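# build the 3D model from these lines:
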Amino acid sequence: MITPRKPEFKPQISPNCHANARQYSVAWLLLLAAVAAFFGVWSYTVPIQADDIAFQYFLPHFEERNSSLWGAFWEYSHWFWLDTNGRLANFVAPLATMYVPRWLFASLTGVATAWVMYAAIRLAQWRRTADPRFNFCALLMMMPVVLFLWPWRDYLLYPDYSLNYLYSTALNLIFLIVWLRALERWMPLWWLVWALPLTIVTGMMHEGLSLPMLGACGLVTILRRLRIPPAAWALGLVYLAGTLVVTLSPGILGRAAREHGGTSILVHGYYTLIYCTLLWALIITAMVLLWRRTSRRRMAALLRTPVFATAALNALAGAAICFIFDEATPRYGWLTQVFSTISLLQIWREFAWRSERCKRRLLMWGAAAGLLTAIPAGLTVADARAVAREDRLIRHKLESLPDGTFYFDVSTAADASPLIMGNTFRGMWKSHFQHACYNLGLSVDEARAVVPVVLKGFRFASPLPGNAHVARISGYLIGDVIPRKIEGLEFRATALELTLDDGSRVTRYFAAYPFRAGGRTYFLYGTERLLPPDVRSIDFPENEKLNKFVPLPE
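Coordinates of the predicted model:
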């Protein structure tokens, strides 16, 4: 008797399944293109400002002494490495603003932003088959997180800071993906031809990003008992070399010694709390999942994966940087917010993206999140355009006013729409700092400057004791004697020796500039808050290598 063969089971696949996957793939790519376009337009609209104006003042001084641009660039870079820091991003910043077309740099900025979001989603699905629906939904859900919680409001859309943070992050994510592929033997050896040069550039971009990444990769290597493939070793050692170039610069070592320990632990903790919000969300979520018996094993397995480990360690290192250094600003939380987003996406992919019902619900929430982001995104660009109009007005007035002084208050976060959380104004358009940068490259002899409106018609009186002859007036420090020459390449930096009530003396440097008022020339050092509260007198240092001064002309 012949036993009939049991019919083979064939799962019923909807004929629309592959079509839906293609539709979501196309929608994801279109959404990525929209993200790149939005950030490109935003970057193009934001005017050149702050540090970029200063770099456009520094580099021409070296060009005057060199026959070629590259000679001037290398001399400028060497001075900057010795004086300030060794970050490659700061070396190329003046080249980006002076020699790269603005539309091109803005387009690259948009692409870099879209790549960071793309890489975060792909890392969340590491060692998994990419799900087009997850890609699309995750990008929708990321949009409000990126716009509101990543610290764009702190200068991150003008070229110098976008190179230091956004471009550095984009390069670090390329390095992380390549290193992980080498770690798991997925990488062809010929990739090293382009990966190694890119890796040393990535390590040199910014020590605040490369040191945490180096530490995270190093810890993963140690946990694997140093048993990693040769390609991963090569990438790690080249990355280490680039990181050492920037970290061992005399300028950054001097700054690191000065910029911590000056304020209380409570203040440092407060800044860490408000600038690293996504890290706290990550920690709470991980603790809840580890506490629950049903999810503990899966969460513990996720913690051991190299992607989660490197992302979480980078996030923790970013929070540590924010906690250690004084006067932290929102950009101190950039590293933490970006890498916490990657870890949270991994958790979401592992625990929330499960049944078809959950997926449909998450897609609906993602669509709502994306639509809610559209209005503040439009307002952000509109406010950036208002800032650009303000910038053009200031530059026109500085060139056309006969006495060379323009009284004007630049816009601040208080002038911004509450729906954009100050993304355009907060930090990016600080009143005195922006004034100082405008005035940096202007003629000292002509006293061309833009100054706050409150100083219009002021009366110079009651200066503090000391030969600097500096008075506190309407919240600003103003003098009627100016240091006219500073030895070396200090440019417009002005040294003042402050004597405190207890008799101790400290030397501070100020970005100072002259302006005209009532037919006389005065010297604006900055806001009054730059002084300690217990200053008894202000003098120019006796050491002539620091300062030489002469009375200003009437």
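
# for the residue minimising distance to the centre of the chain, which non-adjacent residue is closest in space?
The C-alpha lying nearest the average C-alpha coordinate of the chain belongs to residue 165 (C-alpha atoms, centre = their mean; 3.8 Å). The shortest distance from residue 165 to any residue other than its chain neighbours is 5.1 Å, reached at residue 334 (C-beta to C-beta, 6 or more residues apart in numbering). All C-beta spots, glycine's among them, are computed from the backbone N, C-alpha and C.

# shouldn't the one you found be within a strand?
No. Applying DSSP: H, G, I helix; E, B strand; the rest coil, one finds residue 334 to be helix, outside a strand.

# pLDDT at the residue nearest to the centre of the chain, what is it?
For residue 165, the pLDDT comes out at 93.

# in this protein, which helix or strand is least confident?
Sorting the helices and strands of the chain by mean pLDDT, DSSP states H and E puts strand 548-551 at the bottom, at a mean of 38.

# I'd say residue 435 and residue 451 touch.
Yes. Using C-beta atoms under 8 Å, residue 435 is in contact with residue 451, at 6.3 Å.

# what touches both of these two?
residue 524 (C-beta atoms under 8 Å, 6 or more residues apart in numbering).

# name the residues of the strand or helix carrying residue 537 that are buried.
Taking DSSP states H and E as the criterion, residue 537 maps to strand 535-539. Buried residues in strand 535-539, counting neighbours by 16 or more other C-beta atoms under 10 Å, are found at 535, 537, 538, 539.

# so which elements touch it?
Strand 535-539 is packed against strand 493-500, with contacts defined by 3 or more C-beta pairs under 8 Å, 6 or more residues apart in numbering; DSSP states H and E.

# let's see it at 10 Å
In terms of contacts (3 or more C-beta pairs under 10 Å, 6 or more residues apart in numbering; DSSP states H and E), strand 535-539 is packed against strand 470-473, strand 493-500, strand 505-511.

# distance between the shortest one and the chain's centre?
What it means is strand 470-473. Offset of strand 470-473 from its chain centre (C-alpha atoms, centre = their mean, to the nearest Å): 34 Å.

# who does that strand pair up with?
Here strand 470-473 has these sheet partners by DSSP bridges: strand 476-479 (antiparallel).

# let me have the buried residues of strand 535-539 in a markdown table, extended by distance to residue 357 and pLDDT.
Shown next, in a markdown table, are the buried residues of strand 535-539 (distance: C-beta to C-beta, whole Å; pLDDT from 0 to 100):
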| residue | distance to residue 357 | pLDDT |
| --- | --- | --- |
| 535 | 67 | 83 |
| 537 | 74 | 85 |
| 538 | 70 | 85 |
| 539 | 74 | 83 |
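
# still on that earlier bit, out of the helices and strands packed on strand 535-539, which comes closest to residue 75?
Nearest to residue 75, of all these, is strand 493-500, at 18.5 Å by C-beta to C-beta.

# what helices or strands is the closest one leaning on?
strand 476-479, strand 481-485, strand 505-511, strand 520-527, strand 535-539.

# now that strand against strand 520-527, angle please.
With axes from the mean of the first three to the mean of the last three C-alpha atoms, to 10 degrees defining the directions, strand 493-500 sits at 70 degrees from strand 520-527.

# got the phi and psi for the nearest residue to residue 180 once chain neighbours are set aside?
Nearest non-adjacent residue to residue 180, counting by C-beta to C-beta, 6+ apart: residue 306, 5.9 Å away. Per-residue torsions, residue 306: phi -60, psi -30 (degrees, to the nearest 10).

# likewise for residue 66?
phi -130, psi 150.

# for the residue lying closest to residue 525 once chain neighbours are set aside, the count of nearby residues, please.
Using C-beta to C-beta, 6+ apart and skipping the chain neighbours, the partner closest in space to residue 525 is residue 477 (4.0 Å). Residue 477 has 24 neighbours, counted by other C-beta atoms under 10 Å.

# equivalent analysis for residue 101, please.
Counted with other C-beta under 10 Å, residue 101 comes out at 8.

# what residues are up against it?
residue 107 (C-beta atoms under 10 Å, 6 or more residues apart in numbering).
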